[in-house]
Each structure stands twice: as structure tokens, then as C-alpha cells.
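Participant: next come a sequence and a model predicted from it.
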Amino acid sequence: MTDDAVQLKVPVIRQLYHWDCGLACSRMVLKYLHPVSEEEFQNACWELKLTESVWTIDLAYLMSHLGVRHRFCTQTLGVDKGYRNQSFYKKHFDTEEDRVNELFNKAESNGVVVNKCSVTMQEIQNHLAEGHVAIVLVNAVLLVCEHCSTPVKYCCFLPVGQKCFCRKPDYQGHFVVVCGFSNTTDSIFYNNPAYSDRVCCTSISNFEEARMSYGTDEDILFVYKES
């Protein structure tokens with residue numbers, strides 16, 4: 001049984017580049033649950049060799065490295081070869097496939113908790129109701145915030161209205177931090193690292209569509225208050 005509404009005060013931290021949304025989400029989660037110094041965070045990223053291609057499994061390793069209790073749920077243990085020709089993954093696919101698969105293979109021996117499973121909205125709400133948070137991979141093309149009148153163009157990280165020559169992709173992977181819900185309004189609250197000044201809100205149905213879109217593997221990283 002969950003509360004009717006929960007909104008956790010997770011700090012909003014904006015990403016610095018087009019590729020570091022996952023790291024920005026990790027900073028938000030850590031600041032809320034397990035504060036670490038900037039030096040500790042940077043050292044962990046350096047030791048884990050986190051570069052411009054950050055997968056959900058990388059974020060799980062980051063939490064494990066910092067001693068934070070977590071659980072990474074995904075539909076695919078490793079890299080889905082079907083993504084090879086998808087525009088979002090194509091650039092780094094060949095170099096990343098072996099690296100990511102190796103991370104999955106060595107997860108258990110490195111204290112990284114990975115489960116192959118699908119997660120229900122009820123499970124997410126139960127998690128939030130206990131004061132925990134989660135980092136979720138979504139298709140940003142589908143995710144629509146009810147509060148934002150000028151959505152960010154994730155392809156090149158430009159606000160709508162500025163000149164952009166990119167075509168709209170079918171899939172744009174993006175990490176967000178889920179921090180609340182309301183059953184009265186059927187809403188989900190989340191921190192979008194594309195912004196630094198707001199908590200975003202969308203319908204549960206839109207959120208489910210965005211997080212279950214092809215390309216996400218339904219990746220969700222649950223992070224817990226206690227270590």
C-alpha cells in the first residue's frame with residue numbers, strides 16, 4: 001500500500017554537456033541520500049573510466065563503488081544487438097558492446113546488483129513512498145512535461161527556438177530522477193537534468209510510454225536511503 005501522493009525534495013542539478021545526464025542524476029541522488037564530496041565523486045568517475053558514453057550499468061557500478069545500496073533492473077543483461085543500427089547507439093556501438101557486456105558479466109563479483117526483470121509502476125511508487133529514489137532511462141522524444149512550455153532539444157542541447165539542423169530522432173536516451181507521484185492526478189514527478197530550476201511532471205501513462213520505449217531496455221536503477 002502506498003501513500004496517495006509523495007514528492008521527495010531531491011535537489012535539481014543540471015547536466016553540463018549533452019552526454020552527462022546520467023552523471024547529473026547520480027549527483028542528485030547522492031546529494032539527497034548519501035552526500036559525497038566532489039573529490040570523491042570525481043575520483044570514482046575516474047577510477048571507473050566513465051567517459052562520454054555512460055550506460056545504466058555504469059551508474060550501478062558508480063553506486064556500488066561509493067558504497068550505496070542499489071538495485072539495477074533491466075530487460076536485457078548486456079547489449080541488445082538490435083541497437084547496432086539505431087542512430088542513438090550507432091556511433092559508439094562497436095567500441096562499447098564488449099565493454100558493457102563485460103560490466104554485466106563481472107557485476108556480481110564487483111558488488112553490483114543487477115536483476116533481469118520488468119518493473120511495475122506500483123513497485124516504483126512503493127519505493128518512493130519509503131523515501132527512496134530511482135534513476136530511470138527514458139526516451140526523451142516521448143517524455144512530455146506538463147510544466148515545461150519550451151522543451152530542450154536533446155539532440156544538440158539547445159532550447160527550442162534556437163537554430164538546429166538535426167532531424168527529430170525516433171529515440172533519444174535520457175536519464176531522469178523519479179522523485180514523486182500523485183494518484184489523485186495520475187502524475188509522476190521527476191528531476192530532468194536538462195534543467196536546474198524545476199521539478200517536472202507528466203502523466204503516469206506518458207511516463208510509462210517513455211520508460212518502456214524500445215531502446216531503454218526498461219532500465220531503472222533503484223537507490224536506497226540506507227547503505
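Facilitator: Okay, I see it. Values in this document were obtained by computation on a predicted structure and should not be read as measured data. Numbering: from 1, shown residues only.
Participant: would you tell me which strand is longest in the chain?
Facilitator: When the chain is parsed with DSSP state E, its longest strand is strand 173-182.
Participant: so what's Thr202 bridging to?
Facilitator: Ile188 (DSSP bridges).
Participant: who's in contact with it?
Facilitator: When contacts are counted by Cβ atoms under 8 Å, 6 or more residues apart in numbering, Thr202 is found next to 143-146, 187-188, 190, 210. Placement of C-beta: from N, CA and C, glycine included.
Participant: chain center to stretch 113-125, what's the gap?
Facilitator: Offset of stretch 113-125 from its chain centre (Cα atoms, centre = their mean, to the nearest Å): 14 Å.
Participant: end to end, how far does that stretch reach?
Facilitator: By Cα to Cα, to the nearest Å, the extent of stretch 113-125 from end to end equals 20 Å.
Participant: next, the buried residues of that stretch.
Facilitator: Buried residues in stretch 113-125, counted by 16 or more other Cβ atoms under 10 Å: 113-114, 119, 124-125.
Participant: list of residues touching stretch 25-43?
Facilitator: With Cβ under 8 Å, 6+ apart as the contact definition, stretch 25-43 has outside contacts at 8-13, 44, 59, 62-63, 66-68, 132-133, 135, 175-177, 191, 193, 223-225, 227.
Participant: just the buried residues out of the residues you listed, in ChimeraX syntax.
Facilitator: Per 16+ other Cβ under 10 Å, the buried members of the contacts of stretch 25-43 correspond to this ChimeraX selection:
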select :8,10,12,13,44,59,62,63,66,68,132,133,135,175,176,177,191,193,223,224
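Participant: take the contacts of Thr202 and keep only those in helices.
Facilitator: Using DSSP state H, Ala210 are the members of the contacts of Thr202 that sit in helices.
Participant: pLDDT below threshold where in this structure?
Facilitator: 1-2, 82-92, 149-168, 227 (pLDDT under 70).
Participant: closest to the centroid, which residue in the chain?
Facilitator: The centroid of the chain falls nearest to Phe175 when counting by Cα atoms, centre = their mean (2.9 Å).
Participant: okay, and the beta partners of it?
Facilitator: Leu137.
Participant: again with Phe222
Facilitator: Residues in beta-bridge contact with Phe222 (DSSP bridges): Arg71, Ala134.
Participant: can you show me the strands along the protein?
Facilitator: Under DSSP E, the chain gives strands at 5-7, 70-74, 114-116, 133-139, 152-153, 158-159, 173-182, 187-191, 200-203, 220-223.
Participant: most widely separated two among the buried residues of stretch 113-125?
Facilitator: Greatest spatial distance in these: Val114 and Gln125, 22.3 Å, computed using Cβ to Cβ.
Participant: returning to what we had before: turn the contacts of Thr202 into JSON lines, including neighbour count and distance to Lys106.
Facilitator: Below are the contacts of Thr202 laid out as JSON lines (neighbours: other Cβ atoms under 10 Å; distance: Cβ to Cβ, whole Å):
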{"residue": "Leu143", "neighbour count": "24", "distance to Lys106": "32"}
{"residue": "Val144", "neighbour count": "15", "distance to Lys106": "38"}
{"residue": "Cys145", "neighbour count": "19", "distance to Lys106": "37"}
{"residue": "Glu146", "neighbour count": "11", "distance to Lys106": "41"}
{"residue": "Ser187", "neighbour count": "18", "distance to Lys106": "39"}
{"residue": "Ile188", "neighbour count": "28", "distance to Lys106": "33"}
{"residue": "Tyr190", "neighbour count": "24", "distance to Lys106": "30"}
{"residue": "Ala210", "neighbour count": "22", "distance to Lys106": "30"}
